[in-house]
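In: sequence first, then the predicted structure, then my questions.
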Amino acid sequence: MALESNAAPDEKSSPFYEKNETLCKEWEKFVLDRGGLINGRYNAWSYRVKTKVKGNNTWLIDIEKAQFSSGFLWMSSKKQNLREALTFKALFKNTNCKPFKIEKGRFRGRKESNAFQEKVMQLVQPGIDNGSLFKVEFKDNFLTLVFHHKNDWTEMAERALAFEI
């Protein structure tokens with residue numbers, strides 16, 4: 001299934017719509033060029049794209065943006081009410097690695113000498129360096145990587161697709 005616009009007709013001339021459409025089309029090309037699957041919707045205010053792409057492992061990649069209006073009483077109009085997340089998820093069996101978590105560049109849990117854990121740290125190092133890494137979690141054989149405010153980061157997607165243990 002391809003990406004679809006769910007924008008109102010008057011939204012389609014908005015520069016926000018055009019920017020979101022361009023980004024979604026770039027991800028669509030990226031995924032389809034690699035034989036992956038993609039579906040999602042976009043408009044001037046938000047997008048939600050779900051993909052499945054095979055590299056050295058099969059990765060589920062979610063690209064999300066939600067911009068909340070300032071008309072809501074609990075949200076400050078002095079700050080941008082924007083949520084952007086780029087999430088990667090893949091299954092890794094036989095890693096001999098205990099569950100661990102890295103949040104905002106800080107390691108949580110028992111740090112042990114494990115090749116898988118070290119390779120994951122190398123994989124996400126660019127996200128630590130540029131401050132976009134929100135969370136890494138390895139639990140029940142699933143590795144989840146979450147980056148904020150880097151929804152156009154196809155280079156990280158390339159790194160993830162090439163990642164192997």
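Out: Received it, and whenever you're ready, just let me know what you need. Quick caveat: nothing in here was measured; it's all calculated off a predicted structure. Numbers count the residues shown, from 1 in each chain.
In: each with direction, which strands does the helix or strand of the chain with the lowest mean pLDDT pair with?
Out: Least confident element among the helices and strands of the chain, by mean pLDDT, DSSP states H and E: strand 106-108 (a mean of 75). When pairing is defined by DSSP bridges, strand 106-108 lines up against strand 100-103 (antiparallel).
In: which parts of the strand it pairs with are buried?
Out: By 16 or more other C-beta atoms under 10 Å, the buried positions in strand 100-103 come out as Phe100, Ile102. For every residue, glycine as well, the C-beta is placed using N, CA and C.
In: show the average pLDDT along it.
Out: Averaging pLDDT along strand 100-103 yields 90.
In: so what's the spatially most central residue of the chain up against?
Out: Nearest to the centroid of the C-alpha atoms of the chain, with distances taken as C-alpha atoms, centre = their mean, sits Leu86, at 1.6 Å. Leu86 makes contacts with Ile61, Asp62, Ile63, Glu64, Val146, Phe147, His148, Lys150, Asn151, Trp153, Met156, as judged by C-beta atoms under 8 Å, 6 or more residues apart in numbering.
In: mind redoing it with 7 Å?
Out: Taking C-beta atoms under 7 Å, 6 or more residues apart in numbering as the contact definition, Leu86 lies against Ile63, Phe147, Lys150, Asn151, Trp153.
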